[in-house]
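Novice: after the sequence you'll find the predicted model.
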Amino acid sequence: MNEMTPPKEERSAALKGLGCSRKRVEDARFTQGKGNYVDDIKMPGMLFGDFVRSPYAHARVKSINADKAKALPGVIAVLTAADLAPLNLHWMPTLAGDKQMVLADGKVLFQGQEVAFVVATDRYVAADAVELVEVEYEELPVIVDPFKALAKDATVLREDLEGNMEGAHGPRRHHNHIFTWEQGDKEATEKVLGSAEVVAEEMVFYHRTHPCPIETCGCVASMDKVNGKLTVWGTFQAPHAVRTVASLISGIAEHNIRIISPDIGGGFGNKVGVYPGYICAIVASIVTGVPVKWVEDRMENLMATAFARDYWMKGKIAATKDGRITGLWCHTTADHGAFDACADPSKFPAGFMNICTGSYDIPTAYLAVDGVYTNKAPGGVAYRCSFRVTEAAYFIERMIEVLAIELGMDAAELRAKNFIRKEQFPYQSALGWEYDSGDYHTAWDKALKAVGYEDLRKEQAQRIADFKAGKTRKLLGIGLTHFTEIVGAGPVKNCDILGLGMFDSCEIRIHPTGSAIARLGTISQGQGHATTFAQILASEIGIPADDITLEEGDTDTAPYGLGTYGSRSTPVAGAATAMAGRKIRAKAQMIAAYLLEVHDGDVEWEVDRFVVKGAPERFKTMKEIAFAAYNQAIPGIEPGLEAVSYYDPPNMTYPFGAYICVMEIDVDTGEHEIRQFYALDDCGTRINPMIIEGQVHGGATEGYAIAMGQEIAYDEIGNVKTGTLMDFFLPTAWETPHYITDHTVTPSPHHPIGAKGVGESPNVGSVPAFSNAVHDAFRAFGLRQAHMPHDHWRIWKIANDLGLHG
Amino acid sequence: MIPNSFQYHRPDSVDAAVALLTQYGDEARPLAGGHSLIPMMKLRMADVQHLVDLQAIGSLKGIAVAGGTVTIGAMTTQHELINDAALAKAVPLIREASLQIADPQVRYAGTLGGNVANGDPGNDMPGLMQCLDAVYTLSGPDGAREVAARDFYEAAYFTAREDNELLVSVRFDAPKGGYAYEKQKRKIGDYATAAAAVLIEKSGGKCTSASIAMTNLADTPVWCAAASEALVGSSLDDAAIGAAVAAMKSAIDPQEDNRGPVEFKTHVAGVVLARAISRAASRA
């Protein structure tokens, strides 16, 4: 090392690589209002589309008369199913192997369903024209209850499927039934339940809610009739998948379709699916030859594009008298709405619901899920969680609490008694997963100590005594959760969507002066990929993160990938990034060895350079190597320094965490106050601690909303009761709790850098923590189970039903 | 979320505004802060052909506290109500209530006049004005007239204001004694699940006068004479508060909505009123 060379540690810090709380490079433009979202796209001659939507949840469409609308100046066209039918685009395939009406084909099946698409010269004219389209409906009986949907004489919802009893996921046993999905050993589980010392049984309902990103869904479709190329800018969480599906549906060759996801204002699963608006905008652009924009408003977003959850989970959990869990049984009735438009890997129609044994060593388990049609909007997406993992975590964390009540045991102790032990990893679960790594007891003990669990329980006991003595009207709840996520879908051998394998990719080009550009198959919706993936690369190839440009979202330039959802970006594309970086380094090593006139094996990597072993003063920096790669003829080595990696992960990753919520509850008003919220996350190797903390804050806030008030509610005739942000709860800064974040680090053994993914853990973990706190507050008064959301009146009702209002 | 097309007018005097309202009749609506009317128009629940924006009428703004009487111009914003030192001193109840309306952004635009004149049962100011026994001055083509806040509200969105009249100012006497505005809501920006405005005067340990008004528990604000009377003469003990709560409960008519069923709202109305009485009594 010569005098000019800074020490290793200093050079390493300058890279801003793994572990650095590097500020988000995206924020400069977002905080200055300089982002470029779909609705910012303006093109010459661009037209605007708007939907006529059904006011009814179930009705026959007798006639559609668009004459008055077409007569309005500025209206170019009004599309109906009849117009799309000749193109065979009046229905479209869903990601779940079902099909969905693009525009009402003879009937409507949910309130807000797309009936006609008005195309006009501006969005104001389009909105006026929507009112002028005359649709004659004949109302039909409405089913909003999935259990009633399965009654023998229930109205047939999907007439298009009548007589077709073989669905995309096996046989259908009823005309409103979609699939049955079974995992585990039914017989063995029933045997365990039959002979168990203790069995706790409960119905756990996870209500329907909605991801509700700040930016709603939308697109601009532009068909260039001269070169035959279709370009679609859209709010797509999976641009390549959209391109392939669009090609398969439309017959346009895939090379003639370009999908661009510009800046996206939050996705949370809402932007994974394919929506009628995209199809209609594309068709309208093909018909008119000019670009067509469609952007839904907030009410349309809440009413029509993908919802989340709506799982009725009936559970039975068996244990010995001293609290050793011996078996778990779960039957879920899944309300999918009018079309099965879940965005799950094809072989998993209930997502990864079979992670519902959670963090516990449960030897025997059985899960069955029945998907059901109702007169509600389609969807069932993973709202800031891996596929159905929040449902699974909520289920098991409620069942643990119910079992604790049954056993008369402390719920923290019950958990600790049943955790999968550190030495059991890799752990094979009874429902078919191989957990990669974990150290649950360490995390749990750290969490209990951090909140002062013993003292909290003493305080709670005193509070209960005071309450009973009439000294206070407030109760104290301690909500415990230990969750295990399953993310990073995933191994192509078992994860695909519509046949598209769920690998991901990264392509890197090193520029001659030693800076770089990397392109990925994923797309950030606020996760900060441009910041964190540059950090992964910085550590791998010794180029400062600040000198690496990250690009995603343009299918003409980015390598093929399956997009961003289910916390898969870091586990899959992050791994691809590291692997591509290692290819760069391998070539760099040969170049360095040549330049240093030694054998390849005689140089070793050190932060940002290759150094001759035993001669630290002889080295070549990555910058020097990059220049040589392009400008020096090196025998046997092609010029240039580029690499691409397509990464098919060998397994999922299994982040976990321990969350504890301390909540004060006003028995008389149903109001609550979060006194403390502690979130310990173990996401393996931590790439950017600041971004992790931000992700935990955001996810926990969504979890808080879901648990404490957020829902998509329908009345008995299928009207959406929560179609605006007045009634659909989004917390403001005022309501948002203060969070204390913490961590342990248990790297994934199979991920190149040991990272597991974190974006969705806080939603998975916080929902049961908040809900368990509410339940725990009333445990001493006999509460076993009360369904979310725990808004004021529902908490008041718990107290009222328990006779606490005198 | 796009309204029907409409004509936008921006008069610079009360007379000009009244002339426009007279000319267009029920096709016209005055626009104050716009936080209730504009969303209704965007939802196409209100079809307004002529929007008469009052922002340019300087005479509609201002707060005057003189000789125990408070006069507030209709276009005075909630932000201004909160930050007026003289008003805060004379009628701290206004500040306490205004701070519970929506959020700072809304309060920069939302006005007292818009809040009281729109007739939305969710608005906080109508109940507050009934509690204060305020008088509204309305200007019409034939001059001005006055209507008591307690007589102004007929049903949801229906008031004593004629289509060609403009509510120009609100006047009331600065109250003596203790005060409280107690409001339960689901989140910042929400209307009340239940809210209570209470004024109490005490002398020698006894309540000598009381005024109670409830918000969002019927299709109009509910000023409860019987509830007020239940307190007068009492020492504001639990029995008196219980009697006031019982009287209030028989005066309100809450409806079920996403905030909860009738039984819950009635219960919460009792809780917020009891708390408001206790707080007002402690300040009296």
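Specialist: Great, that's in hand. Residues are numbered from 1 along each chain as shown, chains lettered A, B, ... in the order given.
Novice: flag the shaky bits of chain A, pLDDT-wise.
Specialist: A:1-3 (pLDDT under 70).
Novice: run the last query once more with 50
Specialist: Along chain A, the model assigns pLDDT under 50 to residues A:1.
Novice: other SSEs contacting the top helix by length along it?
Specialist: Scanning chain A for the longest helix, with DSSP state H as the assignment, gives helix A:575-596. Contacting helix A:575-596 under the criterion 3 or more C-beta pairs under 8 Å, 6 or more residues apart in numbering or on different chains; DSSP states H and E are the following elements: strand A:504-510, strand A:516-520, helix A:529-541, strand A:603-606, strand A:609-612, strand A:615-621, helix A:622-631, strand A:642-647. Every C-beta, even on glycine, is put in place using the N, C-alpha and C of the backbone.
Novice: not counting sequence-adjacent ones, nearest residue to the closest residue to chain B within the stretch 201-350 of chain A?
Specialist: Nearest residue of the stretch 201-350 of chain A to chain B, counting by C-beta to the nearest C-beta: A:Asp297, 4.2 Å away. Distances taken as C-beta to C-beta, 6 or more residues apart in numbering or on different chains put B:Met1 closest to A:Asp297, at 4.2 Å, once the chain neighbours are dropped.
Novice: what's the neighbour count on the one you found?
Specialist: For B:Met1, the neighbour count with other C-beta atoms under 10 Å in any protein chain shown is 15.
Novice: do you know the pLDDT at it?
Specialist: Per-residue pLDDT puts B:Met1 at 84.
Novice: B:Met41 is in contact with that one, correct?
Specialist: No - contact between B:Met1 and B:Met41 fails when scored by C-beta atoms under 8 Å: they sit 9.8 Å apart.
Novice: tell me where the model's unsure across the stretch 51-200 of chain B.
Specialist: Using pLDDT under 50, the stretch 51-200 of chain B has no residue that qualifies.
Novice: contact partners for the residue in chain A that chain B sits nearest to?
Specialist: Going by C-beta to the nearest C-beta, chain B is nearest to A:Trp793 of chain A, at 2.9 Å. By C-beta atoms under 8 Å, 6 or more residues apart in numbering or on different chains, the contact set of A:Trp793 is A:670, B:193, B:259-261, B:264.
Novice: buried ones among those residues?
Specialist: A:670, B:193, B:259-260, B:264 (16 or more other C-beta atoms under 10 Å in any protein chain shown).
Novice: which of these fall in helices?
Specialist: Per DSSP H, the buried ones among the contacts of A:Trp793 map to helices at B:Phe264.
Novice: re the thing from before, now, which of the contacts of A:Trp793 sits nearest A:Tyr565?
Specialist: Closest approach to A:Tyr565 among the contacts of A:Trp793 (C-beta to C-beta): B:Arg259, at 33.7 Å.
Novice: apart from its neighbours in sequence, what residue is nearest that closest one?
Specialist: B:Thr193 (4.5 Å).
Novice: any chance of the contacts of A:Trp793 in TSV, with distance to B:Val135 too?
Specialist: Shown next, in TSV, are the contacts of A:Trp793 (distance: C-beta to C-beta, whole Å):
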residue	distance to B:Val135
A:Gly670	37
B:Thr193	29
B:Arg259	31
B:Gly260	34
B:Pro261	36
B:Phe264	35
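Novice: what are the structural domain limits within chain B?
Specialist: Domain assignment for chain B by automatic domain parsing gives B:7-52, B:62-173, B:178-283.
Novice: same list (those) but as TSV, adding distance to A:Pro6.
Specialist: TSV is the format used below for the domains of chain B (distance: least, C-beta to C-beta, whole Å):
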stretch	distance to A:Pro6
domain B:7-52	58
domain B:62-173	49
domain B:178-283	51
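Novice: of all those domains, which lies closest to A:Ser250?
Specialist: For the domains of chain B, the distance to A:Ser250 is smallest for domain B:7-52, at 34.3 Å, taking C-beta to C-beta.
Novice: between the two ends of that closest one, what distance do you get?
Specialist: Terminal residues of domain B:7-52 lie 8 Å apart, using C-alpha to C-alpha, to the nearest Å.
Novice: pick out the residue of chain B closest to chain A.
Specialist: Using C-beta to the nearest C-beta, B:Gly260 is the residue of chain B that sits closest to chain A, at 2.9 Å.
Novice: residues in contact with that residue?
Specialist: By C-beta under 8 Å, 6+ apart, the neighbours of B:Gly260 are A:791-793, A:796, B:193, B:268.
Novice: so which of these comes closest to A:Phe339?
Specialist: Looking across those and measuring by C-beta to C-beta, the closest to A:Phe339 is A:Asp791, at 29.2 Å.
Novice: touching stretch B:230-240 from outside, list them.
Specialist: Contacts for stretch B:230-240 (C-beta under 8 Å, 6+ apart): B:200, B:202, B:205-210, B:212, B:241, B:243-244, B:246-247, B:277-278, B:281.
Novice: is stretch A:271-286 anywhere near chain B?
Specialist: No - residues of stretch A:271-286 contacting chain B under C-beta under 8 Å from any C-beta of the partner chain: none, with a closest distance of 15.3 Å.
Novice: that stretch: how far from the chain's middle?
Specialist: Relative to the centre of its chain, stretch A:271-286 is centred 22 Å away, using C-alpha atoms, centre = their mean, to the nearest Å.
Novice: who does the strand or helix carrying A:Ala365 touch, helix- and strand-wise?
Specialist: Per DSSP states H and E: A:Ala365 is located in strand A:364-373. Strand A:364-373 is packed against helix A:146-149, strand A:177-184, helix A:186-195, strand A:325-337, with contacts defined by 3+ C-beta pairs under 8 Å, 6+ apart.
Novice: now render the helices and strands packed on helix A:575-596 as a markdown table, adding distance to chain B and mean neighbour count.
Specialist: Shown next, in a markdown table, are the helices and strands packed on helix A:575-596 (distance: least, C-beta to the nearest C-beta, whole Å; neighbours: other C-beta atoms under 10 Å in any protein chain shown):
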| stretch | distance to chain B | mean neighbour count |
| --- | --- | --- |
| strand A:504-510 | 37 | 25 |
| strand A:516-520 | 35 | 24 |
| helix A:529-541 | 30 | 26 |
| strand A:603-606 | 54 | 18 |
| strand A:609-612 | 53 | 22 |
| strand A:615-621 | 52 | 17 |
| helix A:622-631 | 49 | 20 |
| strand A:642-647 | 42 | 20 |
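Novice: would you format those as CSV with distance to A:Glu254 included?
Specialist: Shown next, in CSV, are the helices and strands packed on helix A:575-596 (distance: least, C-beta to C-beta, whole Å):
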stretch, distance to A:Glu254
strand A:504-510, 16
strand A:516-520, 18
helix A:529-541, 24
strand A:603-606, 39
strand A:609-612, 41
strand A:615-621, 41
helix A:622-631, 32
strand A:642-647, 17
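Novice: tell me the SS of residue 33?
Specialist: Looking at chain A here, since you left the chain open. Secondary structure, DSSP: H, G, I helix; E, B strand; the rest coil: A:Gly33 is coil.
Novice: chain B is the one I meant
Specialist: Quick answer, by three-state DSSP: B:Gly33 is coil.
Novice: hang on, B:Thr137 in a strand?
Specialist: Yes - secondary structure of B:Thr137 (three-state DSSP): part of a strand.
Novice: got the contact list for it?
Specialist: B:144-146, B:167-171.
Novice: narrow those to those in strands?
Specialist: B:144-146, B:167-171 (DSSP state E).
Novice: let me know the outermost residue of chain B.
Specialist: Most distant from the centre of chain B: B:Gly204, at 31.8 Å, with distances by C-alpha atoms, centre = their mean.
Novice: check what pLDDT that residue gets.
Specialist: 93.
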